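**Q** What follows is a predicted structure for the sequence shown.
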Amino acid sequence: MLNYLLKHMMSLYFNGCSNTWGGELDNLDDRYSKIVCDHYGIEDYNHAECGRSNDKITCSTIKQIDRNEIDWVIIQFTIPSRYRWFDDRGREHHWTPTDRNKKNYNSFARNQWYKHVYNRRIGVENTWKNIFLFDNYCKSVGQKYIALIADLWSDDLDIDAHWKKMPFPTRMHRDIIQDESLLLEHKHPSPEGHKKIAEFIIEHVDSH
């Protein structure tokens with residue numbers, strides 16, 4: 001009986017940036033992926049990383065779907081200004097506009113990228129291209145998913161873009177958390193904020 005239950009348990013997979021990883025939390029057991037998985041009595045598969053770009057989040061999530069049978073994927077897209085690129089040796093690099101990132105990648109190329117090349121429209125187009133790609137990929141393989149997006153830091157998502165198609169990801173901060181008192185110092189969800197996100201996911205899963 002136990003083997004049957006283990007074989008037929010629901011599987012959930014979470015990916016995103018620091019908002020999903022549990023940025024600023026004192027205890028990662030308070031993050032929403034753990035709350036959701038505890039609710040269903042299953043293991044927490046949370047592969048989120050701080051500072052991830054939408055390119056990285058989308059690519060790594062698709063790889064997991066290709067390799068595993070997953071009942072529900074919860075993907076959290078991030079702010080548009082993060083950028084992933086590869087050098088001529090195939091090594092992966094990650095740029096963000098933050099001062100901390102500048103210390104790690106204080107190069108002429110990075111500084112020129114954000115000074116002379118990057119603009120809001122480039123970021124928005126790339127964000128929506130990832131959302132469009134992921135939605136169409138999931139439809140092609142019959143993968144159920146919930147798409148969230150960390151939206152507090154800018155209004156970039158309101159900009160029109162060529163790749164801006166439905167369905168629109170649920171805005172983590174404005175649509176779910178709503179109350180800024182449920183955010184921590186650097187605007188990551190507090191434990192109470194994570195509870196609200198978990199409740200949203202559980203309600204969505206249970207209704208489908």
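**A** Yes, it's here.

**Q** Surely residue 165 is in contact with residue 127?
**A** No - taking contacts as C-beta atoms under 8 Å, residue 165 lies outside contact range of residue 127: 11.9 Å. To be clear about C-beta, it is placed using only N, CA and C from the backbone, and glycine gets the same treatment.

**Q** So which of the two has more stuff around it?
**A** Applying other C-beta atoms under 10 Å to residue 165 and residue 127 shows that residue 127 carries more neighbours, namely 28 against 13.

**Q** what's the helix or strand for the nearest residue to residue 54 once chain neighbours are set aside?
**A** Nearest residue to residue 54 in three dimensions, chain neighbours excluded: residue 130, at 4.3 Å (C-beta to C-beta, 6 or more residues apart in numbering). Element membership for residue 130 (DSSP states H and E) is helix 120-141.

**Q** Check which helices and strands that helix sits against.
**A** In terms of contacts (3 or more C-beta pairs under 8 Å, 6 or more residues apart in numbering; DSSP states H and E), helix 120-141 is packed against helix 54-67, strand 72-77, strand 144-149.

**Q** For residue 46, find the nearest of the ones you listed.
**A** strand 72-77 (9.2 Å; C-beta to C-beta).

**Q** what does the closest one contact?
**A** 10-17, 19-20, 33, 36, 48, 54, 57-58, 61, 64-65, 127, 130-131, 134, 138, 143-150, 169, 172, 201, 205 (C-beta atoms under 8 Å, 6 or more residues apart in numbering).

**Q** Mind doing that once more with 6 Å?
**A** 12-16, 20, 54, 61, 144-149, 169, 205 (C-beta atoms under 6 Å, 6 or more residues apart in numbering).

**Q** And for residue 171, the neighbour number?
**A** Neighbour tally, residue 171, other C-beta under 10 Å: 16.

**Q** all helices of the chain, in order?
**A** With DSSP state H applied, the chain shows helices at 2-7, 18-21, 32-40, 54-67, 99-104, 108-112, 120-141, 191-206, listed in chain order.

**Q** Can you report how many residues neighbour the residue nearest to residue 54?
**A** Residue 130 has 23 neighbouring residues, counting by other C-beta under 10 Å.

**Q** now, which of the contacts of strand 72-77 sits nearest residue 104?
**A** residue 54 (19.4 Å).

**Q** where's the closest one relative to residue 123, distance?
**A** 9 Å (C-beta to C-beta, to the nearest Å).

**Q** Lowest-confidence entry in the contacts of strand 72-77?
**A** Least confident entry in the contacts of strand 72-77, by pLDDT: residue 169, with 93.

**Q** OK, contacts around that residue?
**A** Per C-beta under 6 Å, 6+ apart, neighbours of residue 169: 77, 147, 148, 149.

**Q** With distance to residue 184 and neighbour count as new columns, can the residues you listed be given to me in a markdown table?
**A** Formatted as a markdown table, these follow (distance: C-beta to C-beta, whole Å; neighbours: other C-beta atoms under 10 Å):
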| residue | distance to residue 184 | neighbour count |
| --- | --- | --- |
| 77 | 20 | 26 |
| 147 | 23 | 17 |
| 148 | 17 | 25 |
| 149 | 19 | 24 |
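
**Q** okay, the residues you listed in CSV with distance to residue 177 next?
**A** Formatted as CSV, these follow (distance: C-beta to C-beta, whole Å):
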residue, distance to residue 177
77, 16
147, 16
148, 11
149, 12
